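Asks: fold the following and give me the result.
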Amino acid sequence: MKILVVEDDENIVIPIEEDLDEKNYIVEVASDGQEAKELIDVFDYDVIVLDVMLPKLDGITLCQQLRSNGCRTPILMLTARDTIKDRVKGLDAGADDYLIKPFDLEELSARIRALLRRGETTLPPVLTWGGLRVDPNTCEVTYEQQVLSLSPKEYRLLEFFLRHPRRMFSRAKLLDHLWSMDQIPEEATVKAHISSLRQKLKTAGLKSDVIETVYGLGYRLKESP
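Replies: Prediction:
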């Protein structure tokens, strides 16, 4: 899951980024509304955490512009203003949820999870593929009740494919979805991570690859046995 945090206060951004990274989210940060708009025009995000008071382009205006342009990404708005009028203004602009500063990081995470569930109402809380189970709430992966030890990138790849079972993704698209802009490596890195993930799943007992290669095009989740 890829999250864009739009906030110009480093004292708020850094704890959010560290906390979400520990929970296996890919986090990108924009420090003003114009930078955020440019990122959203290029990259896909699963949730946008958007401060109201921003340089260059404020959060309310950015939210309105995104919705008028057809952007359906869930938006969680952050603000120090706690009057009913301010909350109504944010929600009317197109925000899906509203969180008052100061806030607890666990509440922020819970609200992000709720927005993700709302956007994917057909998905079960635990993702499965045969005897393989991935719990996004705990980031635990098991096969036939055996806990697997995956690296953060391996986990994110596996969860991503399980969340998009009928879609094929090129290496470039996987980089867009699963790496933040400031750490995007060569496309060969995707191949290396998928190879490592396949080996760990095979070692755990899976007899066929969960992720299959469509030569010349990319990767997709193999049909569940």
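
Asks: the strand or helix carrying residue 21 packs against which elements?
Replies: Assigned by DSSP states H and E, residue 21 belongs to helix 10-22. Under the contact criterion of 3 or more Cβ pairs under 8 Å, 6 or more residues apart in numbering; DSSP states H and E, helix 10-22 touches strand 2-6, strand 26-30, helix 105-119. Where you see a C-beta, it was placed from the backbone N, CA and C, and this is true even at glycine.

Asks: want to throw these into JSON lines with mean neighbour count, mean pLDDT and distance to residue 146?
Replies: Listed next are the helices and strands packed on helix 10-22 as JSON lines, based on neighbours: other Cβ atoms under 10 Å; pLDDT from 0 to 100; distance: least, Cβ to Cβ, whole Å:
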{"stretch": "strand 2-6", "mean neighbour count": "25", "mean pLDDT": "93", "distance to residue 146": "29"}
{"stretch": "strand 26-30", "mean neighbour count": "21", "mean pLDDT": "90", "distance to residue 146": "27"}
{"stretch": "helix 105-119", "mean neighbour count": "15", "mean pLDDT": "87", "distance to residue 146": "26"}
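
Asks: format the ones you listed as JSON lines; extra columns: distance to residue 172.
Replies: Output for those, formatted as JSON lines (distance: least, Cβ to Cβ, whole Å):
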{"stretch": "strand 2-6", "distance to residue 172": "15"}
{"stretch": "strand 26-30", "distance to residue 172": "15"}
{"stretch": "helix 105-119", "distance to residue 172": "24"}
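
Asks: just the pLDDT at the closest residue to residue 213 other than its chain neighbours, thanks.
Replies: The shortest distance from residue 213 to any non-neighbouring residue, by Cβ to Cβ, 6 or more residues apart in numbering, is to residue 219 (5.9 Å). According to the prediction, residue 219 has pLDDT 93.

Asks: just residue 124 next, same as before
Replies: 55.

Asks: repeat that for residue 61.
Replies: Here, the pLDDT recorded for residue 61 equals 93.

Asks: count of neighbours near it?
Replies: A count of nearby residues for residue 61, using other Cβ atoms under 10 Å, gives 14.

Asks: ok, residue 188 next?
Replies: Count around residue 188 with other Cβ under 10 Å applied: 9.

Asks: which of the residues in the helix holding residue 21 are buried?
Replies: By 16 or more other Cβ atoms under 10 Å, the buried positions in helix 10-22 come out as 12, 13, 16, 17, 20.

Asks: closest one to residue 140 among the helices and strands packed on helix 10-22?
Replies: helix 105-119 (15.0 Å; Cβ to Cβ).

Asks: packing partners for the closest one?
Replies: Packing contacts for helix 105-119, counted by 3+ Cβ pairs under 8 Å, 6+ apart, involve helix 10-22, strand 47-51, strand 75-79, strand 97-100.

Asks: out of the ones you listed, which is closest to residue 166?
Replies: strand 47-51 (22.1 Å).

Asks: neighbouring strands for the closest one, and are they parallel or not?
Replies: Strand 47-51 has the following strand partners under DSSP bridges: strand 2-6 (parallel), strand 75-79 (parallel).

Asks: quick one: work out the angle between it and helix 105-119.
Replies: Angle, strand 47-51 to helix 105-119, by axes from the mean of the first three to the mean of the last three Cα atoms, to 10 degrees: 130 degrees.

Asks: and after strand 47-51, which helix or strand comes next?
Replies: Moving toward the C-terminus from strand 47-51, the next helix or strand (DSSP H and E) is helix 59-68.

Asks: related to what we said a few turns ago, helix, strand or coil for the residue nearest to residue 213?
Replies: Secondary structure, DSSP: H, G, I helix; E, B strand; the rest coil: residue 219 is strand.
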